[in-house]
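J.: no sequence for this one, just the structure:
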């Protein structure tokens, strides 16, 4: 499994921006499907963005489409979050599917998870 270290969370006013990072330790990520999930207070965890392996497709939840951008290099996955809203508040997790190469968001089974980073958007 991949060991992830997440960073970049914090407190930001509505309309602001944050960039989350998810760095892998000892792994090259380019072959795997990687996703960002969010868990808001009192709600289930939801997938908000995914990038398939080997330059494959990217996907976004309707709630973040046009505001968030997922990107990656060999060892780190990023989530650029712009025009943040109070409803974006939650703990953000990155996850990888290391069972399928090249990974595909459409059939991913995420088995490696980061520890989560808190994002709080004030109104």
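T.: Arrived safely, thanks for sending. Only a predicted model underlies this, so the values are computations on that prediction, with no experimental measurement involved. Numbers count the residues shown, from 1 in each chain.
J.: from memory residue 118 sits against residue 9, does it?
T.: Yes: using Cβ atoms under 8 Å, residue 118 is in contact with residue 9, at 4.8 Å. (C-beta placed from N, C-alpha, C; glycine too.)
J.: what sits up against stretch 34-52?
T.: Stretch 34-52 is contacted from outside by 20, 22, 33, 57-61, 63-64, 68, 70-72, 77, 79, 87-97, 102-106, 108, 110, 116, 119, using Cβ atoms under 8 Å, 6 or more residues apart in numbering.
J.: follow-up on the earlier one: who touches both of residue 118 and residue 9?
T.: With Cβ under 8 Å, 6+ apart, residue 118 and residue 9 have common neighbours residue 92.
J.: out of the contacts of stretch 34-52, list just those in strands.
T.: Of the positions in the contacts of stretch 34-52, 20, 22, 33, 58-60, 68, 70-72, 77, 79, 90-97, 119 sit in strands, assigned by DSSP state E.
J.: filter those down to the buried ones.
T.: For these, a neighbour count by 16 or more other Cβ atoms under 10 Å gives the buried set as 20, 22, 33, 59-60, 68, 70, 72, 77, 79, 90-97, 119.
J.: and stretch 79-96, how far apart are its ends?
T.: Start-to-end span of stretch 79-96 (Cα to Cα, to the nearest Å) is 14 Å.
J.: and for stretch 74-93?
T.: So stretch 74-93: terminal residues 19 Å apart, Cα to Cα.
J.: average pLDDT across it?
T.: Stretch 74-93 shows a mean pLDDT of 97.
J.: sounds good, over and out.
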